[in-house]
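Novice: sequence-free structure coming up:
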Ligand SMILES: Cc1ncc(COP(=O)(O)O)c(C=O)c1O
Ligand code: FES
């Protein structure tokens, strides 16, 4: 299989070799059912308990607060449904315009089922307005669901400040932390968060496994109704090998987090600064101060992000424009649109997302090819030179009309 310079770690990550190694015995010799009475199954149950402790340790949570799920999407769905089912009298949800599809599309469905949803706006830097949040909360609000960090821009919301406002009013608080876990130190002990979603494939565990943190005492209703697994909070025989893998991945994240994020930030900053210095007409999208250490989203004016990606692909470099789920649709990103970015940036933005395996040489390779790619595409672009000036004038007129 072809190898590549992989800078698309917010879409998914490589499974760590150590994770694969601990999983293999559970795909071969230890195939017992963890719920069985016999010792053969019991030993699998014990391995699951160990994985639960490893995930709990990464979050600073109690083991009883961890529910294994099939993915981040399931975690988000389970948390939102649980909060609504537990308080059927309340019919209002607050979220943001820049959430992942797992939250946004469920909220849209809930609107069809009679709920009112407030989608908080974001400013040019991708940040919400806390006054707008406060004003949106009513006695009818069942849930506030807000992402920790944005998958496209890496922008990090002030999660605990938001939590103060939400919890003062006794409202259930769910945080989609799929992009934050393993990139930002978390401690649920002194947190305002009631429920928190994570996904294995963003932290070097396999795809198709995740976990939901549910704070002790939070009223919960299962999404999957069935057996007594996960203490009645998620029916279904466990995905044993992947759970073991997620446990190991969590242990490794805890071990590597401080020094890995420091390194990733240095590499990311070098990449970003050099591209901004060597390529005219480009800018970073999103709040540069409050941002994941591994992500940069850069808008290259007057060209299409997809064209840049195809050129990078020819050099064996993997990056992305927007989110993996919506790629293939030619719609510009809902996140960048919510930030009110001008047309030329919306269409010419790409994301590089690093991980602990990213090397200096890989960053050098991107820095070496990007100026040429952008120059070549701009030379062919109908928006270059005169047309660019015209387009900018149109944008100014349009934004004047909007203000
Ligand atoms: C912020 C966010 N939430 C949820 C998800 C969904 O996770 P999964 O792919 O495990 O369903 C993703 C994945 O891209 C994400 O970035
Ligand atoms: S899987 Fe990442 S955006 Fe959908």
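Specialist: Nice, I can see it. This one's a predicted model, so the numbers in the text were calculated from it and none came from an experiment. Ligands and ions are numbered 1, 2, ... in the order given.
Novice: use CA for all of it now, contacts and neighbours both
Specialist: Fine.
Novice: after the longest helix anywhere in the chain, next one along is what?
Specialist: Longest helix of the chain, by residue count under DSSP state H: helix 240-278. Moving toward the C-terminus from helix 240-278, the next helix or strand (DSSP states H and E) is strand 282-284.
Novice: That next one: partners in the sheet, and parallel or antiparallel?
Specialist: strand 295-300 (antiparallel) (DSSP bridges).
Novice: Strand 295-300 and the following helix or strand past the strand it pairs with, what's the angle between them?
Specialist: Next in sequence after strand 295-300, counting helices and strands by DSSP H and E, comes helix 305-314. Note on geometry: by axes from the mean of the first three to the mean of the last three C-alpha atoms, to 10 degrees, helix 305-314 and strand 295-300 are set 120 degrees apart in direction.
Novice: so what does helix 305-314 touch, helix or strand wise?
Specialist: For helix 305-314, the elements it packs on are strand 349-353, helix 360-380, judged by 3 or more C-alpha pairs under 8 Å, 6 or more residues apart in numbering; DSSP states H and E.
Novice: Point out the residues in the stretch 151-300 of the chain that sit beside ligand 1.
Specialist: Residues of the stretch 151-300 of the chain lying near ligand 1 by C-alpha under 6 Å from any ligand atom: 151, 176, 178, 179, 199.
Novice: If we use 5 Å, what do you get?
Specialist: The stretch 151-300 of the chain comes close to ligand 1 at residues 151, 178, 199, as judged by C-alpha under 5 Å from any ligand atom.
Novice: got the contact list for the residue nearest the centre of the chain?
Specialist: The chain has residue 179 as the residue nearest its centroid, 3.2 Å off, counting by C-alpha atoms, centre = their mean. Residue 179 makes contact with 10, 148, 149, 150, 151, 154, 198, 202 under the criterion C-alpha atoms under 8 Å, 6 or more residues apart in numbering.
Novice: I'd like the secondary structure assignment at it, please.
Specialist: coil (DSSP: H, G, I helix; E, B strand; the rest coil).
Novice: So for it, what's the pLDDT?
Specialist: pLDDT for residue 179: 98.
Novice: okay, now residue 213: neighbour count?
Specialist: If you count neighbours by other C-alpha atoms under 10 Å, residue 213 ends up with 27.
Novice: and the angle for the helix or strand encompassing it with helix 240-278?
Specialist: Here residue 213, judged by DSSP H and E, is contained in strand 210-214. Using the same axes, to 10 degrees, the inter-axis angle of strand 210-214 relative to helix 240-278 is 90 degrees.
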